[in-house]
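J.: Need coordinates for the following:
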Amino acid sequence: MDSSTVYDVIIVGGGIMGSTTAYYLTKKDPQLKVAVIERDLAYTRASTTLSMVNARIQFSLKQNVQISQYAFDVLEHFEDEMTVNDNRPSIAYHREGNLFLYKEDAVPDAKAAMAMQQELGCQVAWWTPDEVKQHYPLYAPEGVEGIVGATFGAQDGHFDAYAVLMAYKANARAQGANYIEDTVTALLADNGQITGLKTESGETYNASVVVNCAGAWCTDLAKTAGVSLPVEPTKRQCFCVDPAVKSDRPLPLTILPSGFYFRTETGGMILMGKSMAEDPVGYDFTWDQNRFMEIMWPELAEFVPAFERLKLIRGWAGLYAVNTLDGNAILGQWPELKGFYLANGFSGHGLQQGPAVGRYMSELITGATPTMDLSIFSPQRILEGKPLVEGGIV
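T.: Numbers count the residues shown, from 1 in each chain. From the prediction side, this is the model:
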């Protein structure tokens, strides 16, 4: 057997989850032989690079809040701590806030979540519609029927996802991780133990630990080992517009009760999107201008009348790995297949969860005591069909 095809750990998927896991693994144990197999090292269809990018503290599950708190700490010091071979990343980290607007029926859950976030030391405040307008004069909350208030997370923000991914990848490689461009076609197992995998190029790689970080493709990968995951690749579309009237200040990621969201980008541009129940499942990367014209533009103009006149600059589509059980991450070893670890089902908030998840996966794999207890996300609940229950924002 060629020793070059034998690894201690093979990570399938080199996006944010795969690269943070590789980074923390090789940092924790430099002797580990780690491979990352990624189908496209240009990341043209990776959810990491097609994301509109957001890092927010506003979740209603305590562990999700703590995951974001760690991400905030990492991003704050990222450029200094992730410099490798004199290459200092520039991640354009902007903490412009997240503003969630609510109708009356959602207020109790929103305020309960806010109280929990505040207990954890988060900067989150309740604003009346008038306070929203005071902070952002272009906004017209009265234009959307039923809005009674909002929560504002001042520390929330966005960053350059590609720059963060490339920095994790560069550091992981500098610490010994081997990145391989290939497509995994089958996982290999023997007597309840993962033994490796096969790839499209005809290679067989052996390892007693394989980590599924395949994002929207995770269910297809798991299926080759007889593991069934409730995760669907769901298309999400984003649009960039140039409004005739520019805001005199950066606008936070603003989320309306309908699920429509937008924020400012460099040069006064506006980025926007909306997750809808009828979004197609599958590997579809086409984007539809009519979706913008018929659905998003009217909603934007209703809430920000000054943005009624605008020019559509571009659009794109990416994939969410939607956990249909409960919309939360699936983290840990699959109970029925030793050595097969999952970091899947992030349902749209995986990018900000990358640092905490990569660290946690490295601790599970090496047998270290987890710095943060994320056992609530164990795959056991998938086998048992027991979703995590939470109110308000997920």
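J.: got the contact list for the residue at minimal distance from the centre of the chain?
T.: Centroid-nearest residue in the chain: Gly350, 2.0 Å away (criterion: Cα atoms, centre = their mean). Under the criterion of Cβ atoms under 8 Å, 6 or more residues apart in numbering, the contact list for Gly350 reads Ile16, Met17, Ser47, Thr48, Gly215, Ala321, Ala329, Val357. Yep, even glycine has a C-beta here, placed from its N, CA and C like the rest.
J.: Which pLDDT value does the model give it?
T.: Per-residue confidence for Gly350 comes out at a pLDDT of 94.
J.: just Val389 next, same as before
T.: On the pLDDT scale, Val389 is placed at 80.
J.: So it versus Glu200, what's the distance?
T.: For Val389, the distance to Glu200 under the criterion Cβ to Cβ, to the nearest Å works out to 40 Å.
J.: which one of these two has more residues nearby?
T.: Glu200 (11 against 7; other Cβ atoms under 10 Å).
J.: ok, for that one, nearest residue in space, not its chain neighbours?
T.: Counting by Cβ to Cβ, 6 or more residues apart in numbering, Glu200 lies nearest to Thr183, which is 4.1 Å off, once chain neighbours are set aside.
J.: The one you found contacts Thr199, doesn't it?
T.: Yes - counting by Cβ atoms under 8 Å, Thr183 does reach Thr199; the two are 6.2 Å apart.
J.: count of residues packed around the residue nearest to Glu200?
T.: Neighbourhood size, Thr183 [other Cβ under 10 Å]: 14.
J.: what does Asp40 give?
T.: Asp40 - counted by other Cβ under 10 Å - has 12 other residues nearby.
J.: so is it in a helix, a strand, or just coil?
T.: Per DSSP: H, G, I helix; E, B strand; the rest coil, the local secondary structure of Asp40 is coil.
J.: Next up, the contacts around it.
T.: Contact partners of Asp40, counting by Cβ under 8 Å, 6+ apart, are Ala46, Glu181.
J.: do Phe72 as well
T.: Phe72 sits next to Ala55, Ile57, Gln155 when contact means Cβ under 8 Å, 6+ apart.
J.: Narrow these to just the buried residues.
T.: Buried subset of these (neighbour count, 16 or more other Cβ atoms under 10 Å): Ala55, Ile57, Gln155.
J.: what would these look like in a markdown table with distance to Lys169 and pLDDT?
T.: As requested, the buried ones among the contacts of Phe72 are arranged in a markdown table below (distance: Cβ to Cβ, whole Å; pLDDT from 0 to 100):
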| residue | distance to Lys169 | pLDDT |
| --- | --- | --- |
| Ala55 | 19 | 96 |
| Ile57 | 26 | 95 |
| Gln155 | 26 | 96 |
